[in-house]
Every structure is written in structure tokens, then in C-alpha cells.
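**Q** Here is my input, please return the structure:
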Amino acid sequence: MLRHIKMDLFTNQIDPTQNILPQDGTVNYFGSIVNQNKADYYFEQLLNGIPWEQDVVHMFGKRIVTKRKVAWYGDKPFEYTYSKSTKKALPWTPVLLKLKQLTEHLTKETYNSCLLNLYHSGEEGMGWHSDNEKELKQNGAIASLSFGAERKFVFKHRDTKEKVGLQLDHGSLLVMKGATQEHWLHRLPPTKKIGKPRINLTFRTIEPN
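**A** Below you'll find the model as predicted:
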């Protein structure tokens, strides 16, 4: 069963203090945190100012080059390994630093790194996974900023298989924290109905060995 999270249709308000998960974790959705013009500006700056590269993942013994493109930034040249692929963080750009500071202010958390994803259209998505790599702070907050095409995002409980879905709007912020990564998977389902690109920034905390 899939439960959809929607804003209040009468007040058009979103409560960022509401936990959209029913159990075993905490996810807060802030909705759009900047106005339309600012969101458009950040989207263009990121699209044209980031040295995007195709991602390489290793699955079932095969090396797969994704259509989706990525970039990795941080306070230091942190190394981050997922899907048996390792990346070294680039230094922050002024735009990324501004978005990091805004995100930290709203979430009352701190972050030292950011993984960026560029999805060229709705046909590019992300399968079920959790952000629980060994380099990440245990139970640390992960803040997800979205720019561009509005896309559906879904959580699935590892044991009960209960699903919770919501739409991530242009310029919106979602925060996952607590035991969320331990108990829940999440995905960005592909769809042929969306032809526009989406950029996603996930601010996180690396704990060096």
C-alpha cells in the first residue's frame, strides 16, 4: 500500500515539523524554500556551472555507466564510495555554499559535503536504496534540495514494505534523519511523462576515519 503525503488544500501550507514516516525514522518536508525566480536562478547556475560527469556503478558484477550525471563537493577532498565507485570531493562553489548555509539554517543541522545528481528527464531515476555508506555519520541528517522538474519520491519500509510517497517541488527541501536509513529504502521512480531535467543536492556529513 502506498500512502501519499499532500499539503493542506485549504491553507496551501506545509508543516515542516510533521514526520511523514509512520515509524522507525524521521523525514520532514519543507516544500519550496525559495521563490520561483530564485529557484530558476539556482537551477540555471547548477546546470551550467557544475562539472557534471556520468556516474559509474557496479551491479551484479557489471560496470554500468548511468545516463544520470553526478558531482561531489565538500569541506575537504573527502572520498565517498557507493556502488563500489569512489569519488573525491571538489571545493565548494559560491552557489553551493549559499545553498548549504540556507539548508543548515532551516534544518538546524550542519553538513560538510554534498552529492549532486542531474536527471535529464523523467526517464532517468534511482532504484531502491538507502544512504548508509560507512563514511557517513551514523543517523546523521541528510538534506535533499530539488530544482527543476517536479518528481515523485517514495519511501519503503524494509520489513513491513509500507510505502510513503510525495512530490518534490521545484526549490523544495526534504530532510531524512534519525534511524531512517536503517529502516527505510527510498527511490526516484522513472516516468515517461516528464521531459524536463531535475537537479538534486543531498547535503550530508562525512566522518573521516
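**Q** neighbours of residue 122, just the number please.
**A** Neighbourhood size, residue 122 [other Cβ atoms under 10 Å]: 21. The way it works is simple: take the backbone N, C-alpha and C, and place the C-beta from them, glycine included.
**Q** Quick check: it is in a strand.
**A** No - Residue 122: not assigned to a strand; according to DSSP: H, G, I helix; E, B strand; the rest coil it is coil.
**Q** From what I see, it and residue 195 are in contact.
**A** Yes - with contact defined as Cβ atoms under 8 Å, residue 122 reaches residue 195; the gap is 6.9 Å.
**Q** the strands in this structure, which residues?
**A** For the chain, the strands defined by DSSP state E occupy 2-4, 26-32, 53-59, 62-74, 79-82, 85-88, 113-119, 126-129, 142-148, 151-157, 163-168, 172-177, 184-188, 198-204.
**Q** and residue 94, which of those is closest to it?
**A** Nearest of those to residue 94, taken as Cβ to Cβ: strand 62-74 at 11.8 Å.
**Q** For my notes, please list the strands of the chain in CSV and give distance to residue 98, mean neighbour count and mean pLDDT for each entry.
**A** Putting those into CSV (distance: least, Cβ to Cβ, whole Å; neighbours: other Cβ atoms under 10 Å; pLDDT from 0 to 100) gives the following:
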stretch, distance to residue 98, mean neighbour count, mean pLDDT
strand 2-4, 32, 12, 64
strand 26-32, 16, 19, 97
strand 53-59, 23, 13, 74
strand 62-74, 13, 16, 85
strand 79-82, 22, 15, 78
strand 85-88, 22, 14, 80
strand 113-119, 12, 22, 96
strand 126-129, 26, 14, 91
strand 142-148, 11, 24, 98
strand 151-157, 23, 20, 97
strand 163-168, 20, 18, 96
strand 172-177, 14, 22, 98
strand 184-188, 25, 20, 96
strand 198-204, 12, 23, 98
